[in-house]
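Student: Give me a model of this one.
(4 chains)
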2 protein chains.
Amino acid sequence: MDDALALSALVLALSGQLVQEIHTQVSRQGFEGLRPVHGFAFARIAAGDTTTADLAEHLGVTKQAAAQLVGELAGKGYVVRRPHPHDARARLLELTETGRAATRAADRAARAAVAPWRAELGEARFAELVADLARIAPRGPIRPGW
Amino acid sequence: MDDALALSALVLALSGQLVQEIHTQVSRQGFEGLRPVHGFAFARIAAGDTTTADLAEHLGVTKQAAAQLVGELAGKGYVVRRPHPHDARARLLELTETGRAATRAADRAARAAVAPWRAELGEARFAELVADLARIAPRGPIRPGW
DNA sequence: TCTAAATGGACAAGTAGCTTGTCCATCTGG
DNA sequence: CCAGATGGACAAGCTACTTGTCCATTTAGA
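Tutor: Below you'll find the predicted structure:
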């Protein structure tokens, strides 16, 4: 019965640890000035066909906040804004090679953070865990921050 | 192989959903002006024997930020600062009845948020999930925010 | 026991990442 | 063809943090 309460605490603790470890590792690999929220932005931009307004919705922030974030990332050379082929108002976002490198670093960090979990649980239960979580995870926009 | 990457994304998505649902429910039950970080503070204070400095460490923020948070909670009637029995500098934090009521509301919200997961997975796998997460969850201070 | 360093806490000022509000250019649908 | 919706920018303001400083009290070392 109290499993329910325990589970929510566990999920929150794990996600806090994950975020912190990934952020630490990425910083350490020379990608400074990046915050965790940028990872979610990179993921969306890497998916392709992303405008600032799309990004805002995906991140759950205002267009202005997203525009500021994009400006920051552009200034640091992680992102470029290209003209949109079908809409003169919009700008298509693209990752630069530096941006892709940062994404790869984050991926590696995520794998490294998860590796001890796999070791602790063993392959079989680890796979089950991933499958179970996949069944209950929500779709829709990411809501970074709390 | 890519399970590792998927898992971290899943955990982050779940925790984002949890935080948001709990926060929404608690607000809706009349506890306004509370932010998710306050839940972590309440949990620590409820555990007893907590000073502002303890809280700061637990939340991973500066003493000043914790003091401000406590001042806010005290102003809203969720927390009282009592003299510390053995240290004239320190103040012991305690939840008021209102604070405990807010905590109970958050607990209920957490259970409600988790309930569909239990339904989706079934009792057996749900119990396994909780057990597995308990094995891999970190100890130590909570780091709210990302 | 005396004193230097550490600790709990408060006050002040500054900062970063968001918000709301407003505006313009462009696209879309009746 | 025009009214409303949409992508984006500029400006101002808010808020939850930060660093810096200070004081009272406790702790530890000589």
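
Student: Could you check how far the residue sitting nearest the centre point of chain A is from residue A:59?
Tutor: Centre of chain A computed as the mean C-alpha position; nearest residue by Cα atoms, centre = their mean is residue A:40, 2.8 Å away. The gap separating residue A:40 from residue A:59 is 6 Å, by Cβ to Cβ, to the nearest Å. All C-beta spots, glycine's among them, are computed from the backbone N, C-alpha and C.

Student: For chain A, what lies in contact range of DNA strand C?
Tutor: Counting by Cβ under 7 Å from any atom of the strand, chain A comes close to DNA strand C at A:35, A:37, A:61-62, A:64-65, A:68-69, A:72, A:86-89, A:145.

Student: that older thread, in the host helix or strand of the residue nearest to the centre of chain A, which residues are buried?
Tutor: In this structure, residue A:40 sits in helix A:36-46 according to DSSP states H and E. Neighbour-count burial for helix A:36-46 flags A:36-42, A:44-45 (criterion: 16 or more other Cβ atoms under 10 Å in any protein chain shown).

Student: What of stretch A:64-82?
Tutor: Quick answer for stretch A:64-82 (16+ other Cβ under 10 Å): A:66-67, A:69-70, A:72-74, A:76, A:78-79, A:81.

Student: ok, which stretches of chain A are helices?
Tutor: Along chain A, counting by DSSP state H, helices occupy A:3-28, A:36-46, A:52-59, A:63-75, A:97-121, A:123-136.

Student: As CSV, the ones you listed with mean pLDDT and distance to chain B would be great.
Tutor: Putting the helices of chain A into CSV (pLDDT from 0 to 100; distance: least, Cβ to the nearest Cβ, whole Å) gives the following:
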stretch, mean pLDDT, distance to chain B
helix A:3-28, 85, 3
helix A:36-46, 92, 4
helix A:52-59, 94, 11
helix A:63-75, 95, 14
helix A:97-121, 92, 4
helix A:123-136, 91, 4
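
Student: Export these as CSV, with columns for distance to residue B:17.
Tutor: What follows is these, written out as CSV (distance: least, Cβ to Cβ, whole Å):
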stretch, distance to residue B:17
helix A:3-28, 9
helix A:36-46, 14
helix A:52-59, 15
helix A:63-75, 21
helix A:97-121, 19
helix A:123-136, 9
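
Student: And those: which comes nearest residue B:114?
Tutor: helix A:3-28 (4.2 Å; Cβ to Cβ).

Student: what's that closest one packed up against?
Tutor: Under the contact criterion of 3 or more Cβ pairs under 8 Å, 6 or more residues apart in numbering or on different chains; DSSP states H and E, helix A:3-28 touches helix A:36-46, helix A:97-121, helix B:3-28, helix B:97-121, helix B:123-136.

Student: now those helices as CSV including distance to residue A:30?
Tutor: What follows is the helices and strands packed on helix A:3-28, written out as CSV (distance: least, Cβ to Cβ, whole Å):
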stretch, distance to residue A:30
helix A:36-46, 15
helix A:97-121, 8
helix B:3-28, 21
helix B:97-121, 38
helix B:123-136, 29
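
Student: related to what we said a few turns ago, wait, which of the buried residues of stretch A:64-82 is closest to DNA strand D?
Tutor: residue A:67 (3.9 Å; Cβ to the nearest atom of the strand).

Student: Residue A:51 is in contact with that closest one, correct?
Tutor: No - using Cβ atoms under 8 Å, residue A:67 makes no contact with residue A:51, being 10.3 Å away.

Student: need the residues of chain A near DNA strand D, please.
Tutor: A:51-54, A:63-64, A:67, A:70-71, A:81, A:84, A:87, A:89-91.
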